[in-house]
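A.B. asks: Sequence unavailable; structure follows:
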């Protein structure tokens, strides 16, 4: 009989404890990879979000700066407008106080000897006459003020009440001369007569040494 021989083969394998350790290492590495990937994704999102927020903050800051600048410009414009209004108001007061007519302002300036104010109430040219003299005709308001300042220096004040008997007689008996004027009689009997043009400026002055020089009977 042929003897059968039994072949035996050796199987090579790692010990069981070493195989388990290898699998654990693989799982650990895979877990670490997942964690790293997730961390990278989260970091990218955080950076993106931070950039958007920074851009938004930057835009908001820029918009806020522009708004503040516009507010300052508007405030400056208001101050300029107020300054112009005050300047115009001051000029108006210098010319004629609020509620005061040119006539009242002129008469007040004459009695206070405020010749700068008198000049401001005159037209550019004045027909200036001193009765019974060769003075002066059509002259500038500066010339008229200079003559007036010299002429009325001795008169303390003028009464411009048009209901005075002397003035009423002058306007009736000498209507051709005095009808158009507003007349003032000084304490020394001097006569100052003035006329206003359509713009409310004094354009005509007539002075007389005394109302006694006229025949009023």
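C.D. replies: Alright, I've got the coordinates. Computed from a predicted structure; not experimentally measured.
A.B. asks: Any idea how many residues pack against the closest residue to residue 122 other than its chain neighbours?
C.D. replies: Closest residue to residue 122 apart from its sequence neighbours, by CB to CB, 6 or more residues apart in numbering: residue 141 at 4.0 Å. From N, CA and C alone the C-beta is placed, and that goes for glycine too. If you count neighbours by other CB atoms under 10 Å, residue 141 ends up with 22.
A.B. asks: ok, residue 141 to residue 117 distance?
C.D. replies: In this structure, residue 141 and residue 117 are 12 Å apart, going by CB to CB, to the nearest Å.
A.B. asks: and if you look at residue 164?
C.D. replies: 24 Å.
A.B. asks: same question, residue 145
C.D. replies: Counting by CB to CB - residue 145 and residue 117 are separated by 10 Å.
A.B. asks: And these two? Which one has more around it.
C.D. replies: residue 145 (20 against 17).
A.B. asks: so the more buried one sits in a helix?
C.D. replies: Yes: under DSSP: H, G, I helix; E, B strand; the rest coil, residue 145 sits within a helix.
A.B. asks: wait, isn't it in contact with residue 122?
C.D. replies: Yes: applying CB atoms under 8 Å as the test, residue 145 and residue 122 come out as touching, 7.3 Å apart.
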